[in-house]
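Visitor: pasting the structure only:
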């Protein structure tokens, strides 16, 4: 009698564990799997004070920038289309930040507030041309935090 | 008779052991909280209180720690914010100095380094408030903050290096413009990083405060729940205890009665139905004395009146209460004066029905009395026989042997009479006429085997009530025999008398080894309050109980006192009501002004005093009043001064 009750208790415990696993595993896997970004995938790595990207040239069309900030400082990424050299972008009056509405550049998109270890995906339809990716926080651009991108 | 028992200690210690060992298990762990009073903590309640204590302690500790952390966080933010200001000042100082103005970038450089060093490595900073006191800051623990601060430190190093280059090269240096730009960029980057660090630290402080608030709310709710649970459990425990108390009171064989100060019953436990066949409700408002036997009312009234005058005191008394069917129930009552207790405001009586015990006691007394009476008859016949033999015997040796037999039989008779006294039956001989006190004393001495050692002196010419003569003789015989038994055969026992303020005192003094203080106190206690026959350990101190009982019959007071030169004096205070002057008795002998030594020669009592009174039938016929040295009215001056027991 007692052994039957013990077996029944163990059976219930096993059922509960299996149910918990059945719920937890799909949730965990689903969280780990990120949706596949559309178009060309371009991995971009930010760190003090540098922008690195997977490829300097990408095909025209949809480009997904998968950005990760390695920090340690908070950064942002701004994409502009320009024929200017990447280190010759126009500056604002403070002389420390790029004038995003300045002559010779066309602002396309930005992702800001990327703290250390943050990840963000930015999807753009890019026509063939020259582009620059940079961080426009004070002193970051002048510290060398930019990278040129060519779309063909 | 003098050896007193001392066996109560064992029982008392056993009681203490039981009381101490009564608490066990959770009861030992749970602190006794004064606020709970006598409320017994059940097992469930016992867990709640320690849990509450732990909870409160946790809240206090957590709050103290959280407050300290918050203060530290505020200082960290303040320190990080100051670092930005120092960077800007350093940059300005460098540029000013390069341009030839008065500035001290070296000092500014130290100020720039200090905050980040403290934030990373820990240290003390000057608090913004509090009179400039320095406050210790713990090193930053969060990895994000540490990474930003380390970056901050690297940028500061670069800034200071650039500043140094600018100061070294001056305006004429080729890289002047580049270095100025670099200085401004590094300054901007430092500002950015510092902002970042401050933001991170602020976010963490906010998160910490938010967490603290949530935990405080949770702890508060938990505390409220625990308090509610405690309240419920206390209420339940109180209700259970009240129910238990009610059950105990209702089912107890004892009666619990509360009397108002005027003797009216204010509360009566329901058990009165079982004991007296009366409804409790019907008794409320009635006077207790209406239930008491008329013979006991005076005693009960006196006891209650005395108790009412002593708040908090306890007294006990026995009486008879009338049953609903008219019969009388013997009860013993322990009464406590709780008039000062506003919850009671009266006398609380715990009354126990002892009717069966009283019947048993009476049965034992009757049995004792019957046996004693039978023995008394036999001894009396034996004494009569010996008396006849003594009268007819002429041979001195044989007569001496007969006297010894006579004395042994007399002692046996007194022992038997002791049993009769202890049985509570009053069958003493009473005499209508008063009796010379001296005759009573001599009769008592004559009953003692060692009568030859007894010296009677200074007995005044008084008479004693015939109602009390026989009992007084018995009483004195017991005391004299006690004195001769516990003193050396070579010493004398002195019997003397003297007037006192409220009667006449007889003193029986011996030269024995005396008694210890404890024994003396015990003996006097027995003399003052003799126990019932069934409560006496007959073999021990029986004589004192007999003396006590005989004394109590006539209002006589007996007390033992140590003599300063050794031995014991027994003081017997005969109250004035028992005494008369010698003239009242026609046969009163002239007063004995000198000591009287009882001679060994036999003599009829009647011959010695011409009195018709024979205190005890068949006394040994060997008395003869003999002249003794004049002791000049050898009375105790102290006794004459007043109450010798005072």
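Guide: Nice, thanks for sending it over. Because the structure is predicted, anything quoted here is derived from the model rather than measured.
Visitor: contacts and neighbour counts: CA atoms only from here.
Guide: Fine.
Visitor: domains in chain B, by residue range?
Guide: As assigned by automatic domain parsing, chain B contains the domains B:46-229, B:252-353, B:429-640.
Visitor: burial measure for the closest residue to residue A:68 other than its chain neighbours, as a count.
Guide: Using Cα to Cα, 6 or more residues apart in numbering or on different chains and skipping residues adjacent in sequence, the residue nearest residue A:68 is residue A:119, 4.4 Å away. Other residues near residue A:119 number 14, with proximity taken as other Cα atoms under 10 Å in any protein chain shown.
Visitor: need the pLDDT of residue A:119.
Guide: Listed pLDDT for residue A:119 reads 93.
Visitor: quick check: it vs residue A:79, distance?
Guide: Between residue A:119 and residue A:79 the computed distance is 16 Å (Cα to Cα, to the nearest Å).
Visitor: again with residue B:245
Guide: Between residue B:245 and residue A:79 the distance is 87 Å, computed by Cα to Cα.
Visitor: which of these two has more neighbours?
Guide: residue A:79 (24 against 12).
Visitor: on the three-state scheme, the residue nearest to that one when sequence neighbours are not counted is what?
Guide: If the residues on either side of it in the chain are set aside, residue A:79 comes closest to residue A:133, at 4.7 Å by Cα to Cα, 6+ apart. State at residue A:133, reduced to three classes by DSSP: H, G, I helix; E, B strand; the rest coil: strand.
Visitor: got it, and residue B:140?
Guide: For residue B:140, the secondary structure call by three-state DSSP comes out as coil.
Visitor: isn't it up against residue B:120?
Guide: Yes: counting by Cα atoms under 8 Å, residue B:140 sits close enough to residue B:120 to count as a contact (5.7 Å).
Visitor: anything in contact with each of these two?
Guide: Taking Cα atoms under 8 Å, 6 or more residues apart in numbering or on different chains as the contact criterion, the common neighbours of residue B:140 and residue B:120 are residue B:146.
Visitor: which bits of chain B sit near chain A?
Guide: Applying Cα under 8 Å from any Cα of the partner chain, one finds that chain B approaches chain A through B:144, B:147-148, B:151, B:184-189, B:191-193, B:196.
Visitor: quick one on the thing from earlier: how much space is there between the residue nearest to residue A:79 and residue B:95?
Guide: Relative to residue B:95, residue A:133 is positioned 32 Å away (Cα to Cα).
Visitor: repeat that for residue B:117.
Guide: 25 Å.
Visitor: just want to know which of those two has more residues nearby.
Guide: When residue B:117 and residue B:95 are compared for neighbours, residue B:95 comes out ahead with 22 against 16, by other Cα under 10 Å.
Visitor: contacting residues for residue B:281?
Guide: Listed by Cα under 8 Å, 6+ apart, the contact set of residue B:281 reads residue B:268.
Visitor: tell me what the helix ranked longest in chain B is packed against?
Guide: As far as residue count goes, and with DSSP state H defining each element, the longest helix of chain B is helix B:176-251. With contacts defined as 3 or more Cα pairs under 8 Å, 6 or more residues apart in numbering or on different chains; DSSP states H and E, the packing partners of helix B:176-251 are helix B:43-98, helix B:143-169.
Visitor: ranking the ones you listed by burial, who's on top?
Guide: Scoring the helices and strands packed on helix B:176-251 by mean neighbour count under mean count of other Cα atoms under 10 Å in any protein chain shown gives helix B:143-169 as the most buried, with a mean of 19.
Visitor: what angle separates that helix from helix B:43-98?
Guide: Taking axes from the mean of the first three to the mean of the last three Cα atoms, to 10 degrees, one finds that helix B:143-169 is oriented at 20 degrees with respect to helix B:43-98.
Visitor: one step back: which of the helices and strands packed on helix B:176-251 has the lowest average pLDDT?
Guide: In terms of mean pLDDT, the lowest-scoring of the helices and strands packed on helix B:176-251 is helix B:43-98 (a mean of 77).
Visitor: who are the packing partners of the next helix or strand after that one?
Guide: Note on helix B:43-98: by DSSP states H and E, the next helix or strand toward the C-terminus is helix B:105-121. Other helices and strands packing on helix B:105-121, by 3+ Cα pairs under 8 Å, 6+ apart, are helix B:43-98, helix B:143-169.
Visitor: flag every buried residue along the helix or strand just after helix B:105-121.
Guide: Downstream of helix B:105-121, the next assigned helix or strand under DSSP H and E is strand B:123-126. Neighbour-count burial for strand B:123-126, counted by 16 or more other Cα atoms under 10 Å in any protein chain shown, picks out B:123, B:125.
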